[in-house]
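*Asks:* Next input, structure requested:
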Amino acid sequence: MKALIIIFLISLILSDIFICRIISDGVTREEAKELRDEVREMFYHAFNGYMDNAFPRDELRPLSCKGEDTLGSYALTLIDSLDTLALLGDRERFTSSVEWIGKNLRFDINKTVSVFETSIRVLGGLLSAHLFASDYSTGMRIPSYNDELLYLAEDLARRMLPAFDTPTGIPFGSVNLLHGVDENESKITSTAGGGTLTLEFGVLSRLTNDPVFEQVTKNAVRGIWARRSNINLVGAHIDVFTGEWTQKEAGIGTSIDSFYEYLLKAYILFGDEEYLYIFQESYKAAMHYLFHDPWYVEVNMNSAALVWPLFNSLQAFWPGLQVLAGDVEPAMRTHSAFFSVWRKYGFTPEGFNLATFSVQPGQKSYPLRPELIESTYWLYKATRDPRYLDAGRDMLTSLQYGARCPCGYCHISDVESHVQEDHMESFFLAETVKYLWLLFDLAAGPDNLVENGPYKYIFSTEGHLLPATPQISLVREHCSYFGSYCRGRNFNIETYSSDISMDPGESNCSGSYMCPSIDSSLSRSNFQRTPPVSLSGLIKGLCPSLTHGQRYGIFYEDTTEPNREESQNERVTPIVQSHSVVLISENAVTNISLSDSHNDGNGDQEQAKDGSVDGSAV
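*Replies:* Prediction:
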């Protein structure tokens, strides 16, 4: 408790001293155009460096101008760059890249790969590029294209399905693309690794009319959420067989970050209210137990006792997610705090100690991460406050003068000395450059598919563009409480009611999607139909005497006995902090009240993109 008070007092003291209030220098529209063009040149310096020196290996070594295989030996950086090429309107290189991949890429290889990284980088990259290449309305349609990338995406996803064959439904962290899961594979995976697969696998289900991909990833989210603590926090690592948490630190950064992100984005893209409900509950808990304005800390998931007063660079996505949810004011304060760290060092270190306000030992690197730039883009889009253009200009300058190297852009191994490291992650071209370009293009015009195109786009955690097309959103096919993807013909019209008319021969729900089997006394006669409602076409029903969580099949499940020390500290107060979250869709604005109390009792190694140690899924 003393540590929390100290952090709070330091935050207050430094609000006027350390956290710089960014005063706009006045980025004009013409300067925004120049900055946008500079970012475009940045992209091609790195992309051409990769194609000339590393292709078809996975990633570029920009200092030595060589290539290296880091994930699966399948031209990772090219796949990750495809939709950035499309966004920039580079029809020639987009076309040639898609054609090469369609003819040469194969996944029947004896490679053990990360399920998480392969899903967000490769599967997401293929799906996004397919949606551009196959649609005339995007302006990037390739006449000779015949769904080759979609076939590759489906083949890749099927090769990853064995990872989901676990008692909890939470997938193994790694899978061999030829032989499945190795018998010696670790049973420990991260929360982000198990809960950040819904967008890519869900889109694939919608495009292939095969629900299995969406079902397994939804089960993984349920498996994690069912094992949350009784204060609605999740830990960092979990045993996929026993469901026991092996690392009980709860936070919004390393090993957990994108779990929160995909809950909200899956709801927005698919209209599935189950994800909305989980997001609402988990966000409320995060803001109550983790938020120490303007910073976020890590706590024990059961007792909420402080574990780490640490800002880690992966937390920087959070203000952008808050903008998407409509909670803009705390997002602005947190962004200012995070950006003050960038201003102090020229980059954000992987870890920054909030007790000493210095770089955390062993976490001094900056591997070209996009998260702070991503949040800057979203805050400018929401507020049009010119301070965010100034922040973007500062970050661009840091990259140009500190990270640029002969064939691309280098990792910074030490933010204090700015020593360069001979590596360039594929996400630099998929995300970091993309969000910078979108920021300045928004100020200059804008003139891009995201702002002016035929669809609303959701960005995956790898920055891949996933459009809310009718085929993907499937507004007419969300069924029951689960928002389930449905293609069967065994729909019992007497069980459900809806505000939409459905042709039983075209778009029906397969199987029985009655109330979850929580209470054996519930029977078919207990199911009551509600009058038609207008909730994005969701088919609604009501099970009497069930809580909101039970209606969605979501309830607190304590799978392990808490130890004596933790149980003594687990007397927590109900959540009373209120955050008004507004979700904006094309058809309606849904207000999500997060003010209700909820304490029902039921309820330096090489790092991957989410910061966890390589080999633990992400």
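*Asks:* quick one: pLDDT of Ser186?
*Replies:* We have a pLDDT of 97 for Ser186.
*Asks:* ok, the nearest residue to it once chain neighbours are set aside - how many residues close by?
*Replies:* Of all residues not flanking Ser186 in the chain, Gly173 sits nearest, at 6.3 Å (Cβ to Cβ, 6 or more residues apart in numbering). (Each C-beta comes from the backbone N, C-alpha and C, glycine too.) Other residues near Gly173 come to 28 when the count uses other Cβ atoms under 10 Å.
*Asks:* I'd say Gly173 and Ser190 touch.
*Replies:* Yes: counting by Cβ atoms under 8 Å, Ser190 is a contact partner of Gly173 at 7.3 Å.
*Asks:* Against Cys407, how distant is Ala157?
*Replies:* 33 Å (Cβ to Cβ, to the nearest Å).
*Asks:* Can you tell me how far the residue nearest to Ser186 is from Glu185?
*Replies:* Taken as Cβ to Cβ, the span from Gly173 to Glu185 is 8 Å.
*Asks:* helices or strands up against the helix or strand Ser81 falls within?
*Replies:* Secondary structure assigned from DSSP states H and E places Ser81 in helix 76-87. Helix 76-87 is packed against helix 29-53, strand 59-61, helix 91-104, helix 124-133, helix 433-444, helix 449-452, strand 465-467, with contacts defined by 3 or more Cβ pairs under 8 Å, 6 or more residues apart in numbering; DSSP states H and E.
*Asks:* Could you rerun that using 6 Å?
*Replies:* helix 91-104, helix 124-133 (3 or more Cβ pairs under 6 Å, 6 or more residues apart in numbering; DSSP states H and E).
*Asks:* Quickly list what Trp308 is bridged to.
*Replies:* Glu298 (DSSP bridges).
*Asks:* pretty sure Gly193 contacts Gly173?
*Replies:* Yes: contact status for Gly193 versus Gly173: in contact at 5.4 Å, counting by Cβ atoms under 6 Å.
*Asks:* What helices and strands are in contact with the helix or strand hosting Arg158?
*Replies:* If you go by DSSP H and E, Arg158 is part of helix 148-160. On a contact count with 3+ Cβ pairs under 6 Å, 6+ apart, helix 148-160 meets helix 124-133, helix 198-208.
*Asks:* Next, count neighbours for Cys410.
*Replies:* 26.
*Asks:* do the same with Tyr260
*Replies:* Tyr260 has 24 nearby residues by other Cβ under 10 Å.
*Asks:* pLDDT wise, what is the spatially closest residue to Gly402 that is not a sequence neighbour at?
*Replies:* Using Cβ to Cβ, 6+ apart and skipping residues adjacent in sequence, the residue nearest Gly402 is His418, 5.1 Å away. pLDDT recorded at His418 is 97.
*Asks:* Verify the contact between His418 and Ala403 for me.
*Replies:* No: applying Cβ under 6 Å as the test, His418 and Ala403 come out as separate, 8.6 Å apart.
*Asks:* Neighbour count for the two, which is higher?
*Replies:* Using other Cβ under 10 Å, the more surrounded residue of His418 and Ala403 is Ala403, with 25 against 17.
*Asks:* That one: what's it in contact with?
*Replies:* Residues near Ala403 by Cβ atoms under 6 Å, 6 or more residues apart in numbering: 409-410.
*Asks:* Please report phi then psi for it.
*Replies:* phi -110, psi -20 (degrees, to the nearest 10).
*Asks:* on that earlier part again, the more surrounded of Ala157 and Cys407?
*Replies:* Ala157 (27 against 22).
*Asks:* where's the more buried one relative to Gly202, distance?
*Replies:* Taken as Cβ to Cβ, the span from Ala157 to Gly202 is 11 Å.
*Asks:* cool, and Asp69?
*Replies:* From Asp69 to Gly202 the distance is 29 Å (Cβ to Cβ).
*Asks:* Then Pro319?
*Replies:* 25 Å.
*Asks:* between Asp69 and Gly202, which one's more packed in?
*Replies:* Applying other Cβ under 10 Å to Asp69 and Gly202 shows that Gly202 carries more neighbours, namely 26 against 15.
*Asks:* Quick one: name whatever helix or strand follows whichever strand or helix holds Thr334.
*Replies:* In the assignment (DSSP H and E), Thr334 maps to helix 328-345. Using DSSP H and E, the helix or strand that follows helix 328-345 in sequence is strand 351-353.
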